[in-house]
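> Structure, please.
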Amino acid sequence: MSIVVSNISKKFGEQKALNNISFTINKNEIVGFLGPNGAGKSTTMKIITGYLAPDSGMVQVGGVAVTPYNTATKQKIGYLPEANPLYVDMYAREYLSFIAGIHHITDSKKRVEEVILLVGLSPEVHKKIGELSKGYKQRVGIAAALIHDPEVLILDEPTSGLDPNQIIEIREVIKKLGEQKTILFSSHIMQEVEALCKRVVIINKGNIVADDLLSNLQKGNTESHFVSVQFKESLDKKDFNQIKDCFAIRAVEHSTFIFETNHPEQVRKQLLALSIEKNLNIISLNSEKQHLEAIFKTLTQ
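Residues are numbered from 1 along each chain as shown. Here you go, the predicted model:
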């Protein structure tokens, strides 16, 4: 089931949150929705799910217009908000049964057990939600979004605040769901997006600044590389004033630096020459093509 966003705009007082944006997500596609804080991601997601009405423009899910009062489209959408509102005094299974009742699901008991298994909630389902870790609370939220078996999933920061192991687990859940559902999810974790998505939509200050396959965005930036170097000694950026052919130097720490360049081999040679001249010890020296993090930075700054 597709999502079509057509020329939607939204203002809050004098602030323009969305400026005539449009994009389409095809059936069974997992698309990453990226942008800085305040760019308009959550506002867009609320409009797609029908929780918020646009000032102008239209959203269609499966060819049906989305409005705050159209329950037909809401039945097709599962939504995990960034805040993930849960009733913390309810047991996990009890909460999911409650949500199933709201959706008037036939044989709700069976469906609750299905989603518990699907999102890997079984080990903790006997606990109250308030007793669960952040990772398992996110699983409860995803299970609630799935309980009515929607064809479209809107996930706003589903891995926010999780530890690396929990992120990997939730990633596998989303990847599995993407085999049968259309998914739009936002994240600030670029590695997460690269692992899950073939396509990204990037929004900045209420405007779409990129909408393409990740591979195409990376191809469009093939001339830009990063050279990272780690020294045994502590240094400062001014120690690299003689390095040419680079247009940005970033200090990760006092011994590690990243050089943005169009000529990675030249920068590598200069760093090696500098280490000999200054009697410095290089621990590692690597170069790589531009990743999504750098593309995001370029498009949103």
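> Low-confidence ranges, the stretch 101-250 of the chain, go.
Along the stretch 101-250 of the chain, segments meeting pLDDT under 70 span 218-224.
> And the helices in it?
Per DSSP state H, counting those that start in this stretch, the stretch 101-250 of the chain has helices spanning 108-118, 134-146, 164-177, 190-196, 214-219. These are given in chain order.
> Can you name every helix or strand that the fourth one contacts?
Spelled out, it's helix 190-196. strand 30-34, helix 164-177, helix 292-300 (3 or more Cβ pairs under 8 Å, 6 or more residues apart in numbering; DSSP states H and E). All C-beta spots, glycine's among them, are computed from the backbone N, C-alpha and C.
> So which of the ones you listed is nearest A72?
helix 164-177 (21.9 Å; Cβ to Cβ).
> Can you name every helix or strand that that closest one contacts?
helix 108-118, helix 134-146, strand 182-186, helix 190-196.
> Name the surrounding residues that touch the shortest one.
In other words, strand 182-186. 1-3, 25-35, 41-42, 45, 48, 82, 151-158, 174, 177, 196 (Cβ atoms under 8 Å, 6 or more residues apart in numbering).
> How far off centre is it?
8 Å (Cα atoms, centre = their mean, to the nearest Å).
> so that strand versus strand 30-34, what angle?
Interaxial angle, strand 182-186 versus strand 30-34 (axes from the mean of the first three to the mean of the last three Cα atoms, to 10 degrees): 20 degrees.
> what lines up beside strand 182-186 in the sheet?
Take DSSP bridges as the rule and strand 182-186 pairs in its sheet with strand 30-34 (parallel), strand 152-156 (parallel).
> follow-up on the earlier one: now mean neighbour count too, for the helices and strands packed on helix 164-177, in TSV please.
TSV is the format used below for these (neighbours: other Cβ atoms under 10 Å):
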stretch	mean neighbour count
helix 108-118	16
helix 134-146	23
strand 182-186	24
helix 190-196	18
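> how about the ones you listed in CSV, adding distance to A251?
As requested, those are exported to CSV (distance: least, Cβ to Cβ, whole Å):
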stretch, distance to A251
helix 108-118, 45
helix 134-146, 32
strand 182-186, 29
helix 190-196, 20
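> re earlier: report the buried members of the contacts of strand 182-186.
Buried subset of those (neighbour count, 16 or more other Cβ atoms under 10 Å): 1-3, 25, 29-35, 41-42, 45, 48, 151-158, 174, 177, 196.
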